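>>> How does the following fold in three dimensions:
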Amino acid sequence: DVVVTHISNFRPVKRVHDLVNAMAIVAREAPGARLMLVGDGPERHSVERLIHKLDLNDKILMTGFRSDVPNVLRCSDVVVLCSETESAPLTLLEGLSSGLPVVATRVGGIPEIVEDGVNGFLVQPKSPEAIAEKILELNADRKLRMRLGAAARKTVLERYTAEKVVGQYLEIYEKITSA
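Model (predicted):
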């Protein structure tokens, strides 16, 4: 079964509780699935209480802050970002860059990065059921995980390398200064 990873600063906007509730659904159908919650922040203690209340202590590992995110992602099969609002989250790009399919909410700049069904899945915010459904779909189909993961890596290489992004910034600066 899959290892799902979420990396954030555990603020209310990240809606980590939604992912814990989704994991309760996933655990009923895929008892071997695991969730790694990476990070720390103001919601950490309430997330720990929810994990305990839902009896998911053996399904969810809270790592706290980690500076070795690439190593964590090497131990993962899926990255989930279930925020209520976002612009262009670095965590999402790190997951895609690692060749992992993502499940993310359809908010802010995320739909510009994640193409639903191509390099990951988009779900509506505040929907643990939809998150669980996509995790279970990825858990059940290794070939789908591999296909989406390969497309995820390709997305980063085509659109988000330092060379591409720096070039875009330079174009903008040149337009501004020449205007």
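>>> For stretch 78-98, what does the pLDDT average out to?
The average of the pLDDT scores along stretch 78-98 is 95.
>>> Just to be sure, Asn122 is in a strand?
Not Asn; residue 122 is Leu. Yes. Looking at Leu122 with DSSP: H, G, I helix; E, B strand; the rest coil, it is inside a strand.
>>> Tell me who's in contact with it.
If you count contacts by Cβ atoms under 8 Å, 6 or more residues apart in numbering, Leu122 has them with Ala104, Thr105, Arg106, Ile110, Pro111, Val114, Asp116. Where C-beta positions appear, they are placed from N, C-alpha and C, glycine not excepted.
>>> what's the distance between the closest residue to the last one other than its chain neighbours and Val103?
Going back to what we said before, that points to Asp116. In this structure, Asp116 finds its nearest non-sequential neighbour in Leu122, 4.3 Å apart by Cβ to Cβ, 6 or more residues apart in numbering. Distance of Leu122 to Val103, given as Cβ to Cβ, to the nearest Å: 8 Å.
>>> go on, Thr85?
As judged by Cβ to Cβ, Thr85 and Val103 stand 17 Å apart.
>>> Which residue of those two possesses the greater neighbour count?
Shown here are Thr85 and Val103; by other Cβ atoms under 10 Å, Val103 has more neighbours (28 against 13).
>>> wait, is that one part of a helix?
No. Counting by three-state DSSP, Val103 is not part of a helix but strand.
>>> For it, name its beta-bridge partners.
Val80, Phe121 (DSSP bridges).
>>> contacting residues for it?
Val78, Val79, Val80, Leu81, Cys82, Gly120, Phe121, Val123, Ile131, Lys134, Ile135, Leu138.
>>> In the protein, where is pLDDT below threshold?
Counting by pLDDT under 70, the chain shows no low-confidence range.
>>> which residue is nearest the middle of it?
Val80 (2.8 Å; Cα atoms, centre = their mean).
>>> which residues touch it?
Residues near Val80 by Cβ under 8 Å, 6+ apart: Val4, Thr5, His6, Leu19, Ala22, Val102, Val103, Ala104, Ile131, Ile135.
>>> what's the closest of those to Leu61?
Minimum separation from Leu61 among the contacts of Val80 (Cβ to Cβ) is found for Thr5, which lies at 9.7 Å.
>>> And the residue nearest to the centre of the chain, how far from Val26?
Relative to Val26, and taking Cβ to Cβ, Val80 is found at 10 Å.
>>> Now do the shared contacts for those two.
Val4, Ile135.
>>> From Pro89, how far off is Lys175?
Look at Lys175 and Pro89: by Cβ to Cβ, they are 27 Å apart.
>>> What are the boundaries of the helices in this protein?
Ranges of helices in the chain, per DSSP state H, are 16-29, 44-53, 69-74, 90-97, 110-113, 128-140, 142-159, 162-178.
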